[in-house]
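K.L.:
mind looking at a prediction? Sequence and model below.
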Amino acid sequence: MTESQLRNNEAELIKSVCAGEREAFYELVRPYERMIYATAISVVKNPADAEEVAQEAVLKAFSHISAFREEARFSTWLVQITYNEARMKLRKARPHLYESIDHQEPNEEGDLWPKDYADWRPIPSELLEQNETRQAVQDAITSLSPTYREVLVLRDVQNLSIKETSTILGISEPNVKTRLHRARLLLRDRLAPGIDGSWIKGQPYRKARAW
């Protein structure tokens, strides 16, 4: 389905929901369930809390469906609601988790120097099918502070645009690019001792260094 067809289909479903057809909302949201959960857990870092946030986000989307403006993508609107719900939960319930405890990471004005210079390119999707590698990537993403984890998930996992990510996070587009660049470097530093770009030569997953 093309982007235009998808939007037209979603527009029809939204009209049906607004007309009182509750089942149409389930059809509208179903393709984005994993996206909603992934967004939630990228912020709260806890499966139980993420499920709760996801449920609250879906309920809020249903309650405010008439306020959706069609110039935005429906998926982006859902992600923004989920992100806001997750941030709200952290602030209310466990504010200590909202602050980074990684004192080695710089603030937004600071410089970030990579710890090594291994060849670093996007990880092929087929490599992520390997459980060991997938778990390593997941653990590395989880270990990032919220500032970097959230922008990385929105851009590289959810594949949102710079503009959409900027809107959801409430920061400028240049800031999105800066945070994303630093997030990728931090992710590389966490992964390099384990996989170290070995997929580039077609080699299997291996420990590149002993530490």
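P.N.:
The structure has been received and is ready for your questions. Residues are numbered from 1 along each chain as shown.

K.L.:
for the helix or strand that contains Glu164, C-alpha coordinates in PDB please.
P.N.:
Element membership for Glu164 (DSSP states H and E) is helix 162-169. This file holds the C-alpha atoms of helix 162-169, laid out as PDB (Å, rounded to 0.1, in the frame of the first residue of the first chain):
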ATOM      1  CA  ILE A 162      13.800  14.700  11.500                       C
ATOM      2  CA  LYS A 163      10.800  17.000  11.400                       C
ATOM      3  CA  GLU A 164       8.400  14.500  13.100                       C
ATOM      4  CA  THR A 165      11.000  13.700  15.700                       C
ATOM      5  CA  SER A 166      11.500  17.400  16.400                       C
ATOM      6  CA  THR A 167       7.800  17.900  16.900                       C
ATOM      7  CA  ILE A 168       7.400  14.900  19.200                       C
ATOM      8  CA  LEU A 169      10.500  15.800  21.400                       C
END
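
K.L.:
what residues of the next helix or strand after it count as buried?
P.N.:
Toward the C-terminus, helix 162-169 is succeeded by helix 173-191 as the next helix or strand (DSSP H and E). Buried residues in helix 173-191, defined by neighbour count with 16 or more other CB atoms under 10 Å: 175-176, 178-180, 182-191. C-beta coordinates here come from the backbone N, C-alpha and C atoms, glycine included.

K.L.:
what's the angle from helix 173-191 to helix 162-169?
P.N.:
On the basis of axes from the mean of the first three to the mean of the last three CA atoms, to 10 degrees, helix 173-191 is oriented at 90 degrees to helix 162-169.

K.L.:
looking at it, Thr82 is touching Ala54, isn't it?
P.N.:
Yes: using CB atoms under 8 Å, Thr82 is in contact with Ala54, at 6.7 Å.
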